[in-house]
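1. My questions concern the predicted model and sequence given below.
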Amino acid sequence: MTARRVLGYGGAVLLAGWILVPIWFVVVGAFSTADAIYGYPLAAWPDWSLESMRFFVTSAGVPEALLSSVIVAVLTGVLTLLLAAPAGYALARFVFPGANAYRLTVLSTRAFPVVVLSIPLAVFFLQWGIYDSVWGVALMHTALALPFVVLMVSAVFAGVPVDLEEAAQVFGCSRSGAFRRAVVPNAAPGLAAAATFAVLLSYNEVFAASILTLQHPTLPVFVLTGLTQAPLPFRYAGALFLLAPAFLFILLIRRRLLGVGGGPTLR
């Protein structure tokens with residue numbers, strides 16, 4: 001084994017440890033008793049007690065905040081995919097002057113600080129009557145996720161051969177029918193990955209949600225608001241609740257993610 005390969009493997013192990021060790025201690029704290037959490041040093045293996053998780057779930061305001069986060073995340077995923085799919089398909093299939101500049105423009109919208117968007121939108125949402133509601137936060141999160149998802153969906157559609165659409169039209173499908181029967185089934189893994197990205201971005205976003213909510217916060221806002229006064233078991237369990245969806249989503253769709261750009265053939 002060469003020295004370069006040893007350094008590469010060593011760097012990968014250090015990077016993995018730098019990411020995974022803090023996550024592991026969050027898991028340890030979330031599944032340990034209060035006595036073990038306040039003990040020093042914190043044990044490297046949990047007691048496998050649900051005391052901290054039960055304390056977090058039964059705390060006042062947590063179930064409502066968790067429900068708000070789930071609803072907002074689902075709405076964001078649906079809205080983002082509905083808006084990004086036509087835009088991504090157009091970028092992938094149609095050649096027009098300035099296409100690359102348009103892609104850069106779409107992505108450059110994320111260069112604006114979130115506060116620049118959040119405060120004017122809060123004023124508009126107050127006027128429209130959707131401030132401090134799941135719809136207001138979902139619209140804001142959709143705006144945040146849309147640039148990335150448009151480019152992701154564009155790359156997914158570009159990986160689906162045009163020949164499939166043309167073959168579908170030869171056999172009698174309309175343009176929209178070819179899109180539904182030939183493109184969407186083959187692009188489904190990539191579309192699922194794009195929607196998952198939007199859902200996770202929404203579930204973990206805190207700054208815009210803190211500005212656009214007051215009495216009905218999402219879970220990250222609720223946890224952050226009480227972070228300084230909350231006891232350690234609450235903090236560990238709250239951190240796990242924020243981390244777990246990302247791991248669960250990847251676990252559930254990992255096989256479909258491996259098929260991005262491929263998938264079922266024309267049926």
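-> Happy to help now that I have it. Treat the numbers as computed from the prediction; the structure is a model and nothing was measured. Numbers count the residues shown, from 1 in each chain.
2. Which parts of the protein are helices?
-> Secondary structure of the chain (DSSP state H): helices at 3-30, 34-38, 51-57, 62-93, 99-108, 114-128, 134-158, 162-170, 175-178, 184-204, 207-212, 219-225, 232-257.
3. just so I know, which of the ones you listed lies nearest Ala44?
-> Nearest to Ala44 among these is helix 3-30 (6.9 Å), distances taken as CB to CB. Heads up, the C-betas are built off the backbone N, CA and C, glycines and all.
4. Can you list the buried residues in the closest one?
-> Going by neighbour count (16 or more other CB atoms under 10 Å), the buried part of helix 3-30 is 25-30.
5. which one of those is nearest Val114?
-> Nearest to Val114 out of the buried residues of helix 3-30 is Val26 (CB to CB; 25.3 Å).
6. on that earlier part again, would you list the helices of the chain in JSON lines and tack on mean pLDDT and distance to Ala44?
-> As requested, the helices of the chain are arranged in JSON lines below (pLDDT from 0 to 100; distance: least, CB to CB, whole Å):
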{"stretch": "helix 3-30", "mean pLDDT": "87", "distance to Ala44": "7"}
{"stretch": "helix 34-38", "mean pLDDT": "78", "distance to Ala44": "11"}
{"stretch": "helix 51-57", "mean pLDDT": "84", "distance to Ala44": "17"}
{"stretch": "helix 62-93", "mean pLDDT": "91", "distance to Ala44": "28"}
{"stretch": "helix 99-108", "mean pLDDT": "77", "distance to Ala44": "42"}
{"stretch": "helix 114-128", "mean pLDDT": "81", "distance to Ala44": "37"}
{"stretch": "helix 134-158", "mean pLDDT": "89", "distance to Ala44": "37"}
{"stretch": "helix 162-170", "mean pLDDT": "84", "distance to Ala44": "52"}
{"stretch": "helix 175-178", "mean pLDDT": "82", "distance to Ala44": "56"}
{"stretch": "helix 184-204", "mean pLDDT": "87", "distance to Ala44": "27"}
{"stretch": "helix 207-212", "mean pLDDT": "87", "distance to Ala44": "34"}
{"stretch": "helix 219-225", "mean pLDDT": "87", "distance to Ala44": "25"}
{"stretch": "helix 232-257", "mean pLDDT": "77", "distance to Ala44": "14"}
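7. circling back: want to try CSV for the buried residues of helix 3-30, with distance to Phe179 as columns?
-> Output for the buried residues of helix 3-30, formatted as CSV (distance: CB to CB, whole Å):
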residue, distance to Phe179
Phe25, 48
Val26, 43
Val27, 43
Val28, 49
Gly29, 49
Ala30, 45
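8. Nearest to Pro63, out of these: which one, please.
-> Minimum distance to Pro63 across these is 17.2 Å, recorded for Ala30 (CB to CB).
9. which ones are touching the residue nearest to that closest one when sequence neighbours are not counted?
-> For Ala30, ignoring the flanking residues on the chain, the nearest one in space by CB to CB, 6 or more residues apart in numbering is Leu240 at 4.0 Å. Residues counted as contacts of Leu240 (CB atoms under 8 Å, 6 or more residues apart in numbering) are 26-27, 30, 53.
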